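>>> after the sequence you'll find the predicted model.
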Amino acid sequence: MPDDPLSSHPPLRRASRTFITALLVFGVVVPSAVIRELIEGAMGSGPLADLDWIAVPMAVTAWLAPRASYRRRDALWWFISPVGLYMFVVIAWRVAFLPYRDWPPRPDEASRVRWLRDRQQAGLWHLSGAAK
């Protein structure tokens, strides 16, 4: 039995990772657009409909951000929609690859992260413990 629990699970290939990322992005953006249309139909166009358009993506971004080495406050970038969408796509791209990590750890994560040395996983990181 291997001593590394990740050695039995090879990292995803690019096509699989892209598919999962697309599902995450569309699974968040499309329902928020539907919510905006429903509110706009019931209450008319206005700031409430615009804020509800970004409420769901902001909440999901804040929830997923620590798992992808981002801060929860990075969800505030949704107030500038193109930047918020870009940040969410990057976070979704990283989350789609978990538990493997192909990005360097933040300084506060450095004590809990280790290099994976298996041949299939060379150059990847593994973060032990839950994200805070």
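Done, it's in.
>>> ok, now which ones touch residue 43?
Neighbour list for residue 43: residue 49 [criterion: Cβ atoms under 8 Å, 6 or more residues apart in numbering]. Every residue, glycine included, has its C-beta placed from N, CA and C.
>>> cool, and residue 24?
Residues in contact with residue 24 (Cβ under 8 Å, 6+ apart) are 92, 95-96.
>>> isn't residue 60 right up against residue 28?
Yes: taking Cβ atoms under 8 Å as the definition, residue 60 is a contact partner of residue 28 at 5.0 Å.
>>> between the two, what contacts are shared?
The contact lists of residue 60 and residue 28 share residue 88, where a contact means Cβ under 8 Å, 6+ apart.
>>> the helix ranked longest in the chain: what's the following helix or strand?
Criterion DSSP state H: the longest helix present in the chain is helix 14-43. The helix or strand immediately downstream of helix 14-43 is helix 47-64, counting by DSSP states H and E.
>>> other SSEs contacting that next one?
helix 14-43, helix 81-95 (3 or more Cβ pairs under 8 Å, 6 or more residues apart in numbering; DSSP states H and E).
>>> burial-wise, tell me which of those comes out on top.
Each of the helices and strands packed on helix 47-64 was given a mean neighbour count from mean count of other Cβ atoms under 10 Å, and the largest, a mean of 18, is that of helix 81-95.
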